[in-house]
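K.L.:
Whatever this is, show me its structure:
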Amino acid sequence: MADAGEPGTSASLRSRFDGAASRVSVLASSLPRDALLQLYARYKQASIGKCNTTKPGLFDFEGKQKWEAWNALGAMSKEQAMTEYLALVNKLDPQWSEQVNLEGNRKVTSGFGPVMSSLYKEEIIREEDKTVFDHCKDNEVNRLAAALKQDAFDINQRDEEGRTLLHWACDRGHLETVELLLKRGANVNSQDDEGQTALHYACGCDFPATVRLLLAFGADPSIPDSEGTLPSQLADTAQTAQALTQTG
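P.N.:
This next block holds a predicted model:
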């Protein structure tokens with residue numbers, strides 16, 4: 001968190017903000033999801049500034065929502081974020097007096113303030129328990145390359161949801177791993193159990209460089225998933241949409 005001496009942020013505003021964040025920890029269970037996301041985004045903006053993390057993968061639905069809420073604030077100043085956070089808390093709980101939680105100046109310790117966890121949670125897996133899918137998710141290129149050298153290795157093997165190694169590499173935006181898999185013969189148009197190709201994943205997670213690489217290896221942007229959705233319909237940014245038009 002920024003200290004009270006940060007330019008443009010008064011000690012009074014910081015104290016009021018900390019008190020509001022403590023109040024949110026009490027209100028959280030009764031607040032609607034939209035309000036929680038608004039508070040989360042402004043807390044992160046006030047504490048850190050402009051969003052500085054990569055967009056979570058396609059399967060981290062909660063993390064993606066939080067990231068999008070924070071990223072949408074752009075270059076909003078920390079002072080403005082604190083002011084809006086306070087206004088939201090007062091609107092959500094009109095009977096609350098800001099002075100109530102100022103006494104003792106309780107420390108806010110986590111992302112929402114005290115309510116929301118980090119943007120992106122990663123399961124901790126012991127090294128000896130890792131599978132080739134884990135190596136792919138973690139961008140462990142050397143270990144993956146070693147596995148690929150085994151005669152019986154199936155580069156197009158699937159997990160329980162029908163996702164291949166290429167799907168996972170594209171979901172995480174691991175360009176080097178994606179390239180390795182493609183050069184070793186991964187099926188660029190393989191579809192998971194929902195009919196989505198690796199191109200759907202790269203577009204949905206907004207990785208334009210990955211999109212361009214997939215297209216260079218023959219990815220077909222006209223393949224719809226089981227709901228009729230094309231990869232282009234999942235692209236959230238102009239950069240990703242533009243990448244779909246490039247074949248080199």
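
K.L.:
Please compute how far the longest helix anywhere in the chain lies from its chain's middle.
P.N.:
Looking across the chain with DSSP state H, the single longest helix is helix 11-27. Offset of helix 11-27 from its chain centre (CA atoms, centre = their mean, to the nearest Å): 26 Å.

K.L.:
swap in stretch 217-234?
P.N.:
22 Å.

K.L.:
And for stretch 76-91?
P.N.:
That offset, for stretch 76-91, works out to 23 Å (CA atoms, centre = their mean).

K.L.:
Return the set of buried residues in it.
P.N.:
By 16 or more other CB atoms under 10 Å, the buried positions in stretch 76-91 come out as 76-79, 81-86, 88-89. For every residue, glycine as well, the C-beta is placed using N, CA and C.

K.L.:
Which strand or helix spans the spatially most central residue of the chain?
P.N.:
Of all residues in the chain, the one closest to the mean position by CA atoms, centre = their mean is Pro56, 2.1 Å from it. If you go by DSSP states H and E, Pro56 is not part of any helix or strand.

K.L.:
ok, now the one 10 residues further on?
P.N.:
Following DSSP H and E, the helix or strand that holds Lys66 is helix 61-71.

K.L.:
same question, Asn187
P.N.:
Secondary structure assignment for Asn187, by DSSP H and E: no helix or strand.

K.L.:
looking at this structure, which helix or strand does the model trust least?
P.N.:
Scoring the helices and strands of the chain by mean pLDDT, DSSP states H and E places helix 11-27 at the bottom, with a mean of 80.

K.L.:
And that helix, what does it pack against?
P.N.:
Judged by 3 or more CB pairs under 8 Å, 6 or more residues apart in numbering; DSSP states H and E, the packing partners of helix 11-27 are helix 33-47, helix 78-92.

K.L.:
quick one: it to helix 78-92, angle?
P.N.:
Counting by axes from the mean of the first three to the mean of the last three CA atoms, to 10 degrees, helix 11-27 lies at 40 degrees to helix 78-92.

K.L.:
So which bits of helix 11-27 are buried?
P.N.:
13-25, 27.

K.L.:
do stretch 28-37 as well
P.N.:
28, 31, 35-37.

K.L.:
Equivalent analysis for stretch 236-248, please.
P.N.:
240-241, 243-244.

K.L.:
And the average pLDDT for it is what?
P.N.:
Mean per-residue pLDDT for stretch 236-248: 78.

K.L.:
Any idea how far it is from the middle of the chain?
P.N.:
Per CA atoms, centre = their mean, the centroid offset for stretch 236-248 relative to its chain is 20 Å.

K.L.:
List the contacts of Phe153.
P.N.:
132, 147 (CB atoms under 8 Å, 6 or more residues apart in numbering).

K.L.:
From Leu213, how far off is Leu144?
P.N.:
Separation of Leu144 from Leu213 (CB to CB, to the nearest Å): 16 Å.

K.L.:
Neighbour count: these two, which is higher?
P.N.:
Between Leu144 and Leu213, counted using other CB atoms under 10 Å, the more crowded position is Leu144 (25 against 20).
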